[in-house]
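1. Got a sequence here, can you build the structure:
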Amino acid sequence: MSELIFQIRSIRKTYKDRKVNKLITFPSMQIERGKITVIKGETGIGKTTLLNMLGLMDQMIFTNDDEIFFYPQKGETILYSNLFVKKRKMIEKIRRKYFGFMFQHDHLIDSWTGWQNVILPYIIRYPRQSLDKPIAQVKKIINECHFVDMLKILNRSPSTYSGGQRQRTALLRALIHHPDVIFVDEPFASVPLKRAEEILNVLKEQTYKGVTTVMVAHDIHDQLFNDANLNKFNLIEENKKEFTKITVKEG
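-> This next block holds a predicted model:
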């Protein structure tokens with residue numbers, strides 16, 4: 001299987017800001033399989049946009065040599081340019097099969113129970129399986145993540161949860177359907193250091209299973225990574241470093 005899971009070749013995104021068209025250009029980069037890649041940079045320069053593009057959540061128009069290569073399995077290459085030009089029906093299938101998402105805002109449905117929110121991605125990916133399997137899977141993840149207290153509240157609406165409980169629920173939802181890639185947008189934005197370390201540890205555990213995480217984070221969270229002795233993001237050593245860093249700059 002390829003050591004890379006994404007290869008990005010000089011992509012760009014046009015958007016409107018106060019009725020003015022602006023262009024974000026992203027440099028060519030590579031994302032390794034089974035690592036946590038942290039995308040950093042100043043506010044407003046397109047970190048979340050890049051995350052959404054990789055996760056097939058944004059409309060994309062490819063020109064010239066722009067391309068995103070996705071290598072989901074051995075011998076398989078998916079070109080994003082083909083998806084948006086010829087194979088749009090495949091986009092939802094790829095998201096459902098390979099990707100998990102943890103957004104900056106949890107997007108939990110308060111009219112549902114926590115159980116219903118968490119198992120939804122599993123049901124979408126495996127529609128013919130009984131509910132017993134995703135429920136058992138949730139319990140397994142909860143035990144692995146040491147979130148045992150969550151079992152007491154999942155039968156309630158998320159509207160009754162604390163902020164930390166909502167975030168844990170969103171993280172469980174991102175993991176439930178065995179994604180190959182987890183996209184995480186600002187997971188530490190509104191949580192104390194202890195909670196941030198908890199989330200980071202869960203994502204690190206996923207790397208040992210071969211899961212890739214692509215994360216957007218601010219510079220203010222450098223201390224978190226430094227405390228974990230992971231400040232040398234650009235140095236990747238097998239079984240020693242789980243992290244790599246991509247810094248997005250303006251221009």
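
2. give me every residue that touches residue 54.
-> Contacts for residue 54 (CB atoms under 8 Å, 6 or more residues apart in numbering) come out as 6, 8, 31, 68, 181, 183, 214. C-betas here are computed from N, CA, C, even on glycine.

3. so what's the first one bridging to?
-> Residues found in beta-bridge contact with residue 6 (criterion: DSSP bridges) are residue 31, residue 70.

4. and it, what is it in contact with?
-> Neighbouring residues of residue 6 by CB under 8 Å, 6+ apart: 30, 31, 54, 68, 69, 70, 71, 214.

5. if you set the cut-off to 7 Å instead, what comes out?
-> 31, 54, 68, 69, 70 (CB atoms under 7 Å, 6 or more residues apart in numbering).

6. With the fourth one instead?
-> Going by CB under 7 Å, 6+ apart, residue 68 touches 6, 8, 11, 54, 80.

7. let's see 10 Å
-> 6-9, 11, 26, 53-54, 56, 60, 62, 78-81, 83 (CB atoms under 10 Å, 6 or more residues apart in numbering).

8. again, but for the fifth one
-> With CB under 10 Å, 6+ apart as the criterion, the residues that contact residue 181 are 5-6, 31, 33, 37, 54-55, 70, 72, 95, 98-101, 211-214.

9. Quick check: helices, which of those are part of them?
-> 54, 95, 98 (DSSP state H).

10. Check those against residue 197 and report the nearest one.
-> residue 54 (25.2 Å; CB to CB).

11. mind listing what's buried in stretch 106-120?
-> Across stretch 106-120, burial judged by 16 or more other CB atoms under 10 Å covers 106, 108, 113, 114, 115, 116, 117, 118, 119, 120.

12. do the same with stretch 153-170
-> Within stretch 153-170, the residues that count as buried by 16+ other CB under 10 Å are 153, 154, 157, 158, 161, 165, 166, 167, 168, 169, 170.

13. Fine by me, we can end here.
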